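Asks: Predicted model and sequence below, questions to follow.
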There are 2 protein chains.
Amino acid sequence: MAAKSEQTRQLVADVALKMFREIGFEKTTMRAIAQEAGVSVGNAYYYFASKDELVQELYIQVQDEHAVVAAEALEGVQDLAGRLKAVLHTGVDVMNPYHQFGSDFIATAIRPTSPVNPFGEASTAAREASLAIFRSAVEGSSPAVAKKLRGDLPELLWLMYMGVALFWVYDTSEGQRRTRKLIDGAAPLVARGLSLAKIPGVSKVFDDVLGLVRNVKADS
Amino acid sequence: MAAKSEQTRQLVADVALKMFREIGFEKTTMRAIAQEAGVSVGNAYYYFASKDELVQELYIQVQDEHAVVAAEALEGVQDLAGRLKAVLHTGVDVMNPYHQFGSDFIATAIRPTSPVNPFGEASTAAREASLAIFRSAVEGSSPAVAKKLRGDLPELLWLMYMGVALFWVYDTSEGQRRTRKLIDGAAPLVARGLSLAKIPGVSKVFDDVLGLVRNVKADS
DNA sequence: GGAAAGTTTTGAACGTGTTCAACAATGAGT
DNA sequence: ACTCATTGTTGAACACGTTCAAAACTTTCC
């Protein structure tokens, strides 16, 4: 049966993630992972084509957890600011055990060739899952978001999340206090900013922003 | 004399940058650089403590060139949108020869430990130089930017430039057409967006954005 | 001119991620 | 039970970035 195979794969992944958390990315060598897991180096490579793919494993796991805890945190929260806060805070929560590892993760993720690249093909599923969280945050909010914004907003908020994650990586304040402060400040501001869309003069600018986003996106 | 030493240093740097441009970051191995330059590997390391430092050399050179061509492009341009366009377009221009290398550069730059990290200490000078370009773009514009924005705007625009650079890295359209389109669309929008600061309801949101930025920045 | 001190250069060696030919274990078909 | 193809596993080997003791060269000082 395939169980034995899957067992080895899981073992390697588990050991790797544990080591990432406990001793960091660079010190977690493929040899060390193999030794700790009691397999050969080549065997680890049979399941994961590269160290990057182990990082992808982590990425997927973290995203999955984010989906779960974000859904919980969204319950009963109505206003957009609160919902955005919930999603961003839980996003930081799930990344938390890997903070020291953050910059290595991002350095890995940012390569277009990396399987972890959030804009790339290999992580389409993970990105869609993450986008879905933001979509639900937008759609479930009341008062409802202006209709013309509703379509693109989740993607823009996801982009904001990427920005927050980047900020978090560099945030060395204890417990990443500054990131929390940023989220608490930015979320209500986004909500308030969006409510300005009703003002005639502002509305046109919003339209143009959306137009630009669509235009640039379309021309791929 | 120190000339001989400086000569070797320059030789290594020149060969490295040429190879970065022509065959990319990964294929440009330290051994290849050394061989091409006719020195030993160890000798290259005598002048550059790491491959990253060679990337920093490139970064500085590109920034220097940006300062020059941006200053030229700013001449005679009055409106903020035009000035912002000028700075961003020239920014992309100077990076252009290194496009295929872009993602490796960013992956290098993004590590907090890297000398090239644009937020880090080792590149304070380069960042200041880059910031100065945006400061001059803001200060030289007429009609003048609202006073309360003038202080923080250069830094925010510099951040926008980082975003554009990131976009550019992933932009595989021919000649990075999409990045140009993004700049042409976003620059006027930023200018128009800023002009909304006069509207009472909007003004408060702007104040809060600035307040948040300062607050998060202060708490380092 | 020659010794001492400083600077520059060398290349072998280390640990890393990754590859791969060979071997072992498993499972399917008869 | 016996093939034999598939799947899983091994460890030596490769190229890479990096280090470092030693050698070669330059400068300084008498």
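Replies: Thanks, I have the structure now.
Asks: Contacts for the longest helix along chain A, please.
Replies: For chain A, the helix that runs over the most residues, judged by DSSP state H, is helix A:51-74. Helix A:51-74 has contacts (C-beta atoms under 8 Å, 6 or more residues apart in numbering or on different chains) with A:12-13, A:16-17, A:20, A:25, A:30, A:33, A:48, A:83, A:86-87, A:89-91, A:93-95, A:98, A:105, A:108-109, A:114-116, A:122-123, A:125-126, A:129-130, A:132-133, A:136-137, A:140. C-beta coordinates here come from the backbone N, C-alpha and C atoms, glycine included.
Asks: Pull out the buried members of those.
Replies: When those are checked for burial by 16 or more other C-beta atoms under 10 Å in any protein chain shown, the buried set is A:12-13, A:16-17, A:20, A:25, A:30, A:33, A:48, A:83, A:86-87, A:89-91, A:94-95, A:98, A:105, A:108-109, A:114-116, A:123, A:126, A:130, A:133, A:136-137.
Asks: Please flag which of these sit within strands.
Replies: The members of these all map outside strands under DSSP state E.
Asks: so which of these are also by chain B?
Replies: A:Thr108 (C-beta under 8 Å from any C-beta of the partner chain).
Asks: From the buried ones among the contacts of helix A:51-74, which land in helices?
Replies: A:12-13, A:16-17, A:20, A:30, A:33, A:83, A:86-87, A:89-91, A:94-95, A:105, A:108-109, A:126, A:130, A:133, A:136-137.
Asks: Walk me through the domains of chain A.
Replies: A:1-48, A:51-218 (automatic domain parsing).
Asks: okay if I get these as CSV plus distance to B:His66?
Replies: Output for the domains of chain A, formatted as CSV (distance: least, C-beta to C-beta, whole Å):
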stretch, distance to B:His66
domain A:1-48, 32
domain A:51-218, 22
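Asks: Redo the ones you listed as a markdown table? Include mean pLDDT and distance to B:Lys147.
Replies: Compiled in a markdown table, these are given as follows (pLDDT from 0 to 100; distance: least, C-beta to C-beta, whole Å):
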| stretch | mean pLDDT | distance to B:Lys147 |
| --- | --- | --- |
| domain A:1-48 | 92 | 46 |
| domain A:51-218 | 92 | 21 |
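Asks: now those domains in a markdown table, with distance to DNA strand C?
Replies: Compiled in a markdown table, the domains of chain A are given as follows (distance: least, C-beta to the nearest atom of the strand, whole Å):
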| stretch | distance to DNA strand C |
| --- | --- |
| domain A:1-48 | 3 |
| domain A:51-218 | 3 |
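Asks: Relative to DNA strand D, which of these is closest?
Replies: In terms of C-beta to the nearest atom of the strand, the element of the domains of chain A nearest to DNA strand D is domain A:1-48, at 1.9 Å.
Asks: Now find how far off-centre the helix or strand hosting A:Glu128 is within its chain.
Replies: Assigned by DSSP states H and E, A:Glu128 belongs to helix A:124-139. Offset of helix A:124-139 from its chain centre (C-alpha atoms, centre = their mean, to the nearest Å): 10 Å.
Asks: and if you look at stretch A:116-136?
Replies: So, by C-alpha atoms, centre = their mean, the centroid of stretch A:116-136 is 8 Å from its chain's centroid.
Asks: again with stretch A:5-12
Replies: Taking mean C-alpha positions (C-alpha atoms, centre = their mean), stretch A:5-12 and its chain are 25 Å apart.
Asks: Which element is encountered next along the chain beyond the helix holding A:Glu128?
Replies: Taking DSSP H and E, what comes next after helix A:124-139 is helix A:147-150.
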